[in-house]
Structure formats: C-alpha cells, structure tokens
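Colleague: show me the folded form of this:
(chains A and B)
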Amino acid sequence: MAYYVNRRAEMTWWEKSYIPEILNGMWLTSRRFFHNLFGFIPFFLGTEKDRRIMTVYYPEEQVEYPVAYRGRPVLAQNEDGQPACVACGLCEIACPAYCIDIVPAENTGKQNQYERWPDVFNIDYAICIFCGNCEEACPEEAIFMSDDCEISMLDRKQMLYTKEQLLTPVADLQKRIEFTRNMYAKWNY
Amino acid sequence: MLVDLAITLVKILFIFAVTVGFFAPVLTWVERKQSALMQDRIGANRADIMGFTVLGLFHIIADALKMFTKEDFIPDGANKVLHTMSPIVALVPALLTFAVVPFGGQYTLFDKEVNLVISDLDVGLLFVFAIASLATYGYVIAGWSSNNNWSLLGSMRTASQMISYEVTMGLTIIGVLMVYGSMKLTEIGAIQENFWMWGIFLQPVGFFMFLTASIAENKRIPFDAPEAESELVAGYFTEYSGLKFGMFFMAEFVEMVTIGAIMTILFLGAWHIPFLTTATLLSWFDFLGTTGSNLVVMLIHVGVFFAKVVFFIYLQMIIRWTLPRFRYDQIMKLGWKILLPLSLANILVTGLVILALN
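Modeller: Numbers count the residues shown, from 1 in each chain, chains lettered A, B, ... in the order given. Coordinates of the predicted model:
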C-alpha cells in the first residue's frame, strides 16, 4: 500500500505568525532545562535511579553490548587449552578482506586426541572489516565475534594478533555461541 | 574634578569587569552547559585541577590557555593589516556602546550626585546605534581580507543581513522615542519607575521586533547565515585562529550582554523593581543615613538591572538552542516583507494613539 507524504502541507494562520510556535518550542526546551537542572543534584549524589541524563562516561563506565554486536573475532579455546579450530581454512576463504592467515598442523603420532589444529592462526585487525563471515563459515564453532571493540595500537604491526592472543575460553563465549546456533539454524546450514 | 575622574574610572572598570571579565567567559560555559541540559546531556566537565571539576568551570581557563598558545595564522595573500585589525573593529563597538548604557539611577553618596552611567549623552540611543553599526565593518573587513571565498561570502551575507535588520531596529526605536519623548537612556530608564510605563506594555509589538532584529544583528542561530557552519565552514572568521578568533567570539558574547542591557532599559523597566519606587526603597533604609541608604538602594538597583540582563541572555540562549536556522532567503523575507511593514505600522498606530490620548 502506497503511503503518500504531503510535502506541501499548508501552515495555518496561527503557525504562520511564528510567535506562538516559537513560544511553544521555547516552553519545551525550558521545561527540559529546568527538569534536568534540578535532576542534576541527585545525579551528583550518585543515585543511578534518579538519573535523567543518559550520557555514559565512556572510559570509566562501559555499556554492555547486545549479543548480536560484532566486535573483534576471537578463537574458541576448549577446556583442555587447545583451540576448537581444525584448520580447515573455510574462514580464510570466506574472509572478504583476506585478514585471516592459517598454517595447519596435523597429528603425526599421538600427541593429543586432536587430529588437526592450526599451527599459526593470525588475524590482522588492521584489515578486518568485522563482517562476521568467518563465524558464519566455521563448521566447528571455533571462531566467534566477541563484544570487544577497543582495538587501538600505537603501531600497525601490533594489530596482527597471533593464535595465543586470539584464544578465548569457550565459557566466556557461551552467549554468542547460543546466539549463532539460533541465528544460523534458521537458514538450515 | 579629580573625584569626578575617579568615579568615571571606577564605572569604566566596573563595566569592563562585568562584561569582559565576567559575562564573556562565563557565557561560554553557560552556553555549553545550558544546551547540554536542554538536550539531556551533561556538557563539558572534563577539565579539572587536582581532580576538582567544579561543574566544568575550569573549561573557561582551558579555553583561554588554548587560545593564547595557538599559532596566530595569517593566510597567504591575505591583507595583513586589515586581517589583524578586523577583530578589534568587531570587538570595540560592542564594548563602546556601554559608555551610554546606565546600569543604575542617580544616588547621593557623600553629598555627591553619582549617576551610574559613564557618559550621559543627550543622544544616547542614537549613539548606541551609530556605534553598533560600526561593528559591521569589522565583520566585512574580516571576510574580505582573509583571501578566502567562504569568508567573503560570509561577510557579504553579514553586510546584507545587518543592513536589513538595522532598518527594522531603527524604526522600532522611533516608536519608543515617541512614547518616552527622550533619547537620553537615563531619562527613559527614570520614566519607567512607574510599572505601567514599562516599554513592554507601551510597545509590545516593538518589543518582539526589537528582540528579533537584535538577535539577527548578533548573528546567532536562527539568523546565523553569516557563519553558516553547514554552508560556509565558519563564514567570515574561517581564516582566524588563536586570540583573534577568540576576539570574534568575545564580541559575540559581549554583544549579547549589550543587547540585554539595551532591551532592559528600553522595554523592561531598566533598574526598577515593579511597584517599588526609589523613594519607597530609600525610606526603608532611612536608618542608615543618607549615604548608607543610597548605597544600599544603588546596590539593589544594579543587582536588579543585571538580573534583567541575565534574563535576556537566557532568552537569547534558549532561542538559539530551540529554533532551527532560517534559510538565507527566509531571513531577507522576514526582514523586508514582515518586520519592516510591521515596524512602520507600529509607528503609525503609536502616533495615532498618542494623538487620541492628547
């Protein structure tokens, strides 16, 4: 159903005379001003409940991001300390920015119960576009987008994160794992 | 003779302390804080000394320090003399108008008549407008001497806007003159001792027109075509940095105070409290002797005057943060097609009423 906006709305004589409408607007802004002016005092005493001003003091205060938020991608680490990744390279292919770099290692003898694992797993956050394709491509639930968005370095080289830096315990990622299961199950992967 | 000189010097120092020393810096803070509160924000509060922020008041010091230490930049191809001169030309008229602005009545202190105005000119009102219109030169020269297209466009807009709105301002003043029959600002103030003689009752239409025109003269937001951040970078002061930029800024805030003072004298009863004549006030403090009672009444009157000025500053600020900008053609339309005929009609009606009452 087409919805038409009347862009040629004629102002009434009352509105055209400016002054009542200006006074109306000034009444609104003044009301907010005095409302907040007196709301300032409980705010300074530190009671969160009386807070009318919703500004967040960023470095001191942090906002909790929603689960769907795509921060920097991290590697899931199993309870025994090994990455859940099997170095299949699907995320490397899915990555549109080519920021993932994997060198696989295979189990030759019986070092542990894993058959394959990444020997090198680098993500260059200077290139990463935070699209989440790697997470979507991963068949092993090994790579996830975390809620960490504070990636700032003094040097570009420090933006290259190695496997050890990327590993995050699975326990910390439970929310996101659940979210991705719901999300991608819908599309019958 | 020496005493007179000393009194005049004290008055000049007082005006400087109030406008440049108090209002101009504090208004920069007020503008940030007030706009923040209005929009459910907190506003500037990070500048601190030893961990104390004092509601962000230290931002004034931080701003001043920043402006002092910034590079004073003159662009290539700019006219150096005019480029340096224009901020001064813009700031001085704003301060100079205060020479004839009375901030209190006449009081007897130590058997001496003290008139709380630096220079009690017979043509005070004309002087204010003559000097205020000089400020336009500062802005026009600033734009022209910067060798920058944005600046030039901004200064052209300043010139046209100033001319359009000064006409309205001048014609509005004629209504006030007809009512009070005097151009002496002290006399106009003295007449308004009677509450029902306040300009806002005698010239209600003139009050609104004068307010509109004076905000347009100050180039604040509903009429900010000369600065037009979204169109002209920063208008006429695009190429200014450091303290010269600060002077333009200060000129704007001092002009706000000037407008508040003139509006108070012309329309809001100057230094008088409604229904309280100076004689009644003096009789209340009779037990303090002539000098004592006069001194107390003087302080009260000066306080009342500046309270009214603060009210007008608040009004200008709230208008600035409430209304969206006018388009350029809308500014011209409002000036020439609405305000000018209205001000002419105002003169006609005022004249007819005065004729009928006599």
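
Colleague: where is the longest helix in the chain?
Modeller: All of this is about chain A. helix A:19-45 (DSSP state H).

Colleague: I was thinking of chain B, sorry if that wasn't clear
Modeller: helix B:289-322.

Colleague: hmm, back to that, now do the longest helix of chain A, average pLDDT.
Modeller: Computed over helix A:19-45, the mean pLDDT rounds to 75.

Colleague: same for the longest helix of chain B, what does it pack against?
Modeller: helix A:19-45, helix B:24-38, strand B:106-109, helix B:204-218, helix B:242-267, helix B:278-284 (3 or more Cβ pairs under 8 Å, 6 or more residues apart in numbering or on different chains; DSSP states H and E). Just so you know, the C-beta spots here come from the backbone N, C-alpha and C atoms, and that holds for glycine as well.

Colleague: what's the pLDDT at A:K186?
Modeller: A:K186 is given a pLDDT of 62.

Colleague: what does A:Y69 give?
Modeller: 89.

Colleague: now the one 5 residues further on
Modeller: Reading off the per-residue confidence, A:V74 sits at a pLDDT of 91.

Colleague: how far does the helix or strand of chain A with the lowest mean pLDDT sit from its chain's centre?
Modeller: Ranked by mean pLDDT, DSSP states H and E, the helix or strand of chain A with the weakest confidence is helix A:19-45, at a mean of 75. Per Cα atoms, centre = their mean, to the nearest Å, the displacement of helix A:19-45 from the mean C-alpha position of its chain is 34 Å.

Colleague: again with stretch B:266-280
Modeller: Relative to the centre of its chain, stretch B:266-280 is centred 20 Å away, using Cα atoms, centre = their mean.

Colleague: list of residues touching it?
Modeller: B:102-105, B:116, B:173, B:176, B:188-190, B:192-193, B:195, B:198-200, B:203, B:206-207, B:210, B:264, B:281, B:297, B:300-302, B:304-305, B:308, B:311-312 (Cβ atoms under 8 Å, 6 or more residues apart in numbering or on different chains).

Colleague: what residues are up against the residue lying closest to B:Q106 once chain neighbours are set aside?
Modeller: Spatially, and ignoring its direct neighbours in sequence, B:Q106 is nearest to B:N115 (5.0 Å; Cβ to Cβ, 6 or more residues apart in numbering or on different chains). Shown in contact with B:N115 (Cβ under 8 Å, 6+ apart): B:P102, B:G105, B:Q106, B:T186.

Colleague: quick check, pLDDT for B:N115.
Modeller: For B:N115, the model assigns a pLDDT of 79.

Colleague: distance check, it against A:F33.
Modeller: Applying Cβ to Cβ, to the nearest Å, the value for B:N115 to A:F33 is 38 Å.

Colleague: what's the answer for B:K333, then?
Modeller: Counting by Cβ to Cβ, the gap from B:K333 to A:F33 is 31 Å.

Colleague: higher neighbour count, these two?
Modeller: The neighbour count for B:K333 versus A:F33, taken as other Cβ atoms under 10 Å in any protein chain shown, is higher for A:F33 (21 against 14).

Colleague: hmm, that one is touching B:Q39, no?
Modeller: No: in this structure, A:F33 is not within contact of B:Q39 by Cβ atoms under 8 Å, at 9.3 Å.

Colleague: neighbouring strands of the longest strand seen in chain A in the sheet, and parallel or not?
Modeller: Ranked by residue count, the top strand of chain A under DSSP state E comes out as strand A:116-124. When pairing is defined by DSSP bridges, strand A:116-124 lines up against strand A:100-106 (antiparallel), strand A:160-161 (antiparallel).

Colleague: deepest-packed of those, please.
Modeller: When the strands paired with strand A:116-124 are scored by mean count of other Cβ atoms under 10 Å in any protein chain shown, the highest mean neighbour count falls to strand A:160-161 (a mean of 18).

Colleague: hmm, back to that, who wins on neighbours among the contacts of B:N115?
Modeller: That'd be B:P102 among these, by other Cβ under 10 Å, with 25 neighbours.

Colleague: ok, how many other residues are close to residue 177?
Modeller: The chain I'm using is chain A. Neighbours of A:I177 using other Cβ under 10 Å come to 13.

Colleague: ah, no, chain B please
Modeller: Counted with other Cβ under 10 Å, the neighbours of B:L177 add up to 17.

Colleague: past the helix or strand where it lies, which element shows up next along the chain?
Modeller: Taking DSSP states H and E as the criterion, B:L177 maps to helix B:149-180. Downstream of helix B:149-180, the first helix or strand assigned by DSSP H and E is helix B:185-191.

Colleague: please tell me how far B:A234 sits from chain A.
Modeller: 25 Å (Cβ to the nearest Cβ, to the nearest Å).

Colleague: the closest residue to that residue other than its chain neighbours sits in which helix or strand?
Modeller: Nearest non-adjacent residue to B:A234, counting by Cβ to Cβ, 6+ apart: B:E227, 6.0 Å away. Assignment of secondary structure by DSSP H and E places B:E227 within no helix or strand.

Colleague: what residues does chain A have near chain B?
Modeller: With the criterion set to Cβ under 8 Å from any Cβ of the partner chain, chain A comes near chain B through A:19, A:22, A:25-26, A:28-30, A:32-33, A:36-37, A:40, A:52-55.
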